[in-house]
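Q: Next comes the sequence, and after it the predicted model I'd like to discuss.
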Amino acid sequence: MVSRFASFLALPLAAACAPVTGGGDAPSLPTAADVDGALFVAGKFGNTLSKVDLESGAVVASVASCANPHELATAPGGAHVALACYGGQTVDIFRTADLERVASVDLGENARPHGIVWHDNGDLYATAEGRQSVFWIRDPLGAAQTFEYASGQQGTHMLAIAPDALHAWTTNLGSRTVSLIDLKTRRAPRSVEIGEEPEGIWLSPDGDTLWVSARSSNAAFALDPQTLAIRQRVETGAFPLRITLRPQGDYAVTSDLADGGLSVIDTASGEVVRSIAVSSPAEAEARTQVTILFSPDGERIYVAETTANTIAEVEFASGTVLRRLPGEGGGDGIAIVE
């Protein structure tokens, strides 16, 4: 199955997350769901930002965003979402109530921001893949001061931020490394090779373990956050593009693009305890499963099926696909406010 994605693997870094032409099937009709709140979807094909009401399953607002938008981050309190404009050089901020753009932070020439975190401290952090760096955006809705930290690595793509905001970690696709960046002392970053094409990254809630998925290794790695030493390697499904942790910290989950599934890892044992079929290997190429996101209560996983223009809503306990929500414009980055 992985061979069907050989062209994806061969893409240059600038195109690895670029739009893929093709249609995909229409979203299935939503079923009743006892869910409040809204899902926000960055449409990287159509350059849009949309808002999906989780109770009705319908798109209630959609606006033009920026060139090739990718990852999204939700502000503490949920009043705003920030969008990494991968086809440009800005991080744009939208009000969640009506999707009005309220700020745009310029990161400089050739920034190409991708990974983004809105920290509990109120500040934003984003990778700038084109500049091989990470930005700290202090007071993003006010003065929006920017501080740049070089990673020195090619393809600085996704990131995680420490609970105390003193360190950042990045996956660097081109260099095939993970980097630790000191946001206080500006000491030279520590970078270590981790598998083949590390991309997904997530820090455990207690800050004790850094989880990384290496897409061409078909594996996830549990790392010591300070030394970047590998504590454990876990074999996953094929092409694990993303990894996330359940808010409770008990499970890590990879988004296995080439299988159309999810690998569920018990974080205590470091073992895959089950697999969830979101689609199937036969459907995987047509759906292009990318970003995954837990609901705040950890009961559901939202799975962006980018080429199919759908977001699968999966019940975590049973592994059942409850419904497919609209992911218009090639939904990639997703964020949730409940």
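A: Structure received.
Q: How about residues contacting stretch 220-232?
A: 162, 167, 169, 178, 180, 190-192, 194-195, 198, 200, 203, 207-214, 233-234, 236, 240, 243, 252, 254, 263, 265, 267, 270 (CB atoms under 8 Å, 6 or more residues apart in numbering). For every residue, glycine as well, the C-beta is placed using N, CA and C.
Q: how about stretch 106-114: buried residues?
A: With burial defined by 16 or more other CB atoms under 10 Å, the residues of stretch 106-114 counted as buried are Leu107, Ala111, Arg112, Pro113, His114.
Q: tell me how far the ends of it are from each other?
A: One end of stretch 106-114 sits 13 Å from the other (CA to CA, to the nearest Å).
Q: Same check on stretch 50-68?
A: By CA to CA, the extent of stretch 50-68 from end to end equals 14 Å.
Q: pull the longest helix from the protein.
A: In the chain, taking DSSP state H as the definition, the longest helix is helix 281-287.
Q: Tell me the buried residues in that one?
A: Quick answer for helix 281-287 (16+ other CB under 10 Å): Pro281, Ala284, Glu285, Arg287.
Q: Quick one: those as a markdown table, columns for pLDDT too.
A: Formatted as a markdown table, these follow (pLDDT from 0 to 100):
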| residue | pLDDT |
| --- | --- |
| Pro281 | 96 |
| Ala284 | 96 |
| Glu285 | 93 |
| Arg287 | 97 |
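Q: got any ranges where this structure has weak pLDDT?
A: Residue ranges of the chain with pLDDT under 70: 1-34.
Q: Tell me how many other residues surround Val105.
A: When counting by other CB atoms under 10 Å, one arrives at 22 neighbours for Val105.
Q: Quick check on it: phi, psi?
A: phi -110, psi 120 (degrees, to the nearest 10).
Q: residue contacts, the spatially most central residue of the chain?
A: The residue lying closest to the centre of the chain (CA atoms, centre = their mean) is Thr291, at 5.0 Å. Shown in contact with Thr291 (CB under 8 Å, 6+ apart): Glu71, Arg242, Ser255, Val303, Ala304, Asp332, Gly333, Ile334.
Q: My guess is the third one contacts Val303. True?
A: Yes. Counting by CB atoms under 8 Å, Ser255 does reach Val303; the two are 6.7 Å apart.
Q: Find residues that contact each of those two.
A: Leu262, Gln289, Thr291, Ile292.
Q: Check the separation of the first and last residues in stretch 234-248.
A: 20 Å.
Q: Could you list the buried residues of it?
A: For stretch 234-248, a neighbour-count test (16+ other CB under 10 Å) marks Val234, Thr236, Gly237, Ala238, Phe239, Pro240, Leu241, Arg242, Ile243, Thr244, Leu245, Arg246 as buried.
Q: Could you dump those residues into TSV and include secondary structure and distance to Gln89?
A: TSV is the format used below for those (DSSP: H, G, I helix; E, B strand; the rest coil; distance: CB to CB, whole Å):
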residue	secondary structure	distance to Gln89
Val234	strand	36
Thr236	coil	34
Gly237	coil	35
Ala238	coil	34
Phe239	coil	29
Pro240	strand	29
Leu241	strand	24
Arg242	strand	24
Ile243	strand	27
Thr244	strand	27
Leu245	strand	30
Arg246	coil	34
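Q: Dump these into TSV; add distance to Leu223 as well.
A: Below are the buried residues of stretch 234-248 laid out as TSV (distance: CB to CB, whole Å):
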residue	distance to Leu223
Val234	12
Thr236	15
Gly237	20
Ala238	22
Phe239	20
Pro240	15
Leu241	18
Arg242	16
Ile243	12
Thr244	16
Leu245	13
Arg246	18
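Q: and which of the residues you listed is nearest to Leu49?
A: Ranked by distance to Leu49 (CB to CB), these are led by Arg242 at 19.7 Å.
Q: quick one, phi psi at Gly130?
A: phi -70, psi -20.
Q: residues in contact with it?
A: Here Gly130 is in contact with Gln89, Asn110, Ala111, Arg112 (CB under 8 Å, 6+ apart).
Q: Return the member of the residues you listed nearest to Ala128.
A: Taking the contacts of Gly130 together and measuring to Ala128 by CB to CB, the closest member is Ala111, at 4.2 Å.
Q: what separates the closest one from Thr127, distance-wise?
A: Remark: distance between Ala111 and Thr127 (CB to CB, to the nearest Å) = 9 Å.
Q: Just the buried residues from the shared contacts of Ser255 and Val303, in ChimeraX please.
A: Buried subset of these, written as a ChimeraX selection, criterion 16+ other CB under 10 Å:
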select :262,289,291,292
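Q: Next, format the shared contacts of Ser255 and Val303 as JSON lines and append secondary structure and distance to Phe135.
A: Below are these laid out as JSON lines (three-state DSSP; distance: CB to CB, whole Å):
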{"residue": "Leu262", "secondary structure": "strand", "distance to Phe135": "31"}
{"residue": "Gln289", "secondary structure": "strand", "distance to Phe135": "28"}
{"residue": "Thr291", "secondary structure": "strand", "distance to Phe135": "21"}
{"residue": "Ile292", "secondary structure": "strand", "distance to Phe135": "24"}
